[in-house]
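Trainee: below are the sequence and a predicted model; questions follow.
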Amino acid sequence: MRTAAHYLPARTTKKGILKRQELIIKYAPMIKYIANRIAMRLPSHIETDDMINTGVLGLMDALEKFDPERGVKFETYAEFRIKGAILDELRAMDWVPRSVRKIATWLETTGSELEKKLGRKASDEELADAMDIEVEKLHEFLSRAGGISLLSLEMVSKYNDSKKPLLDFLAAGDNANPLEQLKTDELKNVVARCIDLLPEKEKMVISLYYYDELTMKEIGKVLKLTESRVSQIHTKAVIRLKGKLRKAFENN
């Protein structure tokens with residue numbers, strides 16, 4: 001396999017060092033954009049500059065492992081590696097308070113049980129009633145769990161024994177082969193089916209945020225909702241999606 005590194009001067013030479021610095025400068029706006037999008041849903045004490053620095057390491061990793069012969073654009077591969085490096089660092093920091101994790105688990109468990117009981121999607125009022133709290137309190141919980149939704153889709157797939165994160169499957173691993181590609185395609189189909197089962201407004205927020213790459217504020221303008229309400233809908237969608245994905249993996 002001829003990686004991107006094969007097309008670059010050796011990193012130990014002056015020419016190689018300058019070439020890599022040139023590439024960091026070229027893709028710096030992408031790194032900053034990804035870090036800022038992630039930072040929007042994190043507590044203020046998480047430094048965006050630290051995430052940008054981690055993103056640079058992700059870019060370097062992409063340069064070393066990218067295979068031009070696969071027909072995938074480098075920018076697409078680099079984006080996955082940059083985002084993955086930042087999320088890995090956030091996971092290692094374990095910055096989410098235990099109380100928030102408990103809230104997220106409570107929301108997911110209660111929501112899944114309620115939908116199974118009703119045989120349909122539950123409304124905010126029904127979910128709040130099942131949790132024995134007011135709707136306003138439910139919205140407060142959703143806001144508090146907003147940050148953890150960043151890492152919630154790092155679902156562990158049971159497709160292999162190494163328990164590979166969902167992100168790695170969607171980014172296509174370095175040792176892709178026909179069997180691995182089949183698993184990746186199947187996983188993407190599972191995710192697509194689970195997204196299709198979401199309530200219309202949650203599906204819309206997921207689509208606008210992850211596919212059209214709009215910010216929460218921009219989505220609010222499209223849907224004529226406040227930014228905080230969009231964030232709550234996003235969190236609920238991710239928690240609901242996580243439950244559906246877990247069930248789908250268990251069935252497999």
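Mentor: That came through, no problem. Residues are numbered from 1 along each chain as shown.
Trainee: hang on, Lys83 packs against Ala62?
Mentor: No - with contact defined as Cβ atoms under 8 Å, Lys83 does not reach Ala62; the gap is 10.6 Å. Glycine gets a C-beta too; all of them are placed from N, C-alpha and C.
Trainee: the more surrounded of those two?
Mentor: Ala62 (25 against 19; other Cβ atoms under 10 Å).
Trainee: specify the local secondary structure of that one.
Mentor: Of the three states, Ala62 takes helix according to DSSP: H, G, I helix; E, B strand; the rest coil.
Trainee: list the contacts of it.
Mentor: Residues in contact with Ala62 (Cβ atoms under 8 Å, 6 or more residues apart in numbering) are Ala4, Phe74, Tyr77, Ala78, Phe80, Arg81, Ile82.
Trainee: how is the protein partitioned into domains?
Mentor: 4-93, 98-251 (automatic domain parsing).
Trainee: can you redo the ones you listed as a markdown table with mean pLDDT?
Mentor: Formatted as a markdown table, those follow (pLDDT from 0 to 100):
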| stretch | mean pLDDT |
| --- | --- |
| domain 4-93 | 81 |
| domain 98-251 | 78 |
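Trainee: what's the neighbour count on Leu142?
Mentor: With other Cβ under 10 Å as criterion, Leu142 counts 24.
Trainee: not counting residues beside it along the chain, what's closest to it?
Mentor: Gln232 (4.1 Å; Cβ to Cβ, 6 or more residues apart in numbering).
Trainee: am I right that the one you found is in contact with His139?
Mentor: Yes - between Gln232 and His139 there is a contact under Cβ under 8 Å: 5.5 Å.
Trainee: more crowded one of those two?
Mentor: Gln232 (23 against 18).
Trainee: what sits against the more buried one?
Mentor: By Cβ under 8 Å, 6+ apart, the contact set of Gln232 is His139, Leu142, Ser143, Gly146.
Trainee: show me where the stretch 1-150 of the chain has helices.
Mentor: Secondary structure of the stretch 1-150 of the chain (DSSP state H, counting those that start in this stretch): helices at 14-39, 48-65, 74-93, 98-118, 124-130, 135-144, 149-152.
Trainee: ok, which of these comes nearest Ile239?
Mentor: Closest to Ile239 of the helices of the stretch 1-150 of the chain, according to Cβ to Cβ: helix 98-118, at 4.8 Å.
Trainee: and the closest one, what's buried?
Mentor: Val100, Ile103, Ala104, Leu107, Glu108, Thr110, Gly111, Ser112, Leu114, Glu115 (16 or more other Cβ atoms under 10 Å).
Trainee: and for the residue nearest to Leu23 when sequence neighbours are not counted, the neighbour number?
Mentor: Using Cβ to Cβ, 6+ apart and skipping residues adjacent in sequence, the residue nearest Leu23 is Leu63, 6.7 Å away. Neighbourhood size, Leu63 [other Cβ under 10 Å]: 23.
Trainee: how far away is Leu63 from Asp88?
Mentor: Separation of Leu63 from Asp88 (Cβ to Cβ, to the nearest Å) stands at 17 Å.
Trainee: which of the contacts of Ala62 ranks first by neighbour count?
Mentor: Of those, with other Cβ under 10 Å as the count, Ile82 tops at 27 neighbours.
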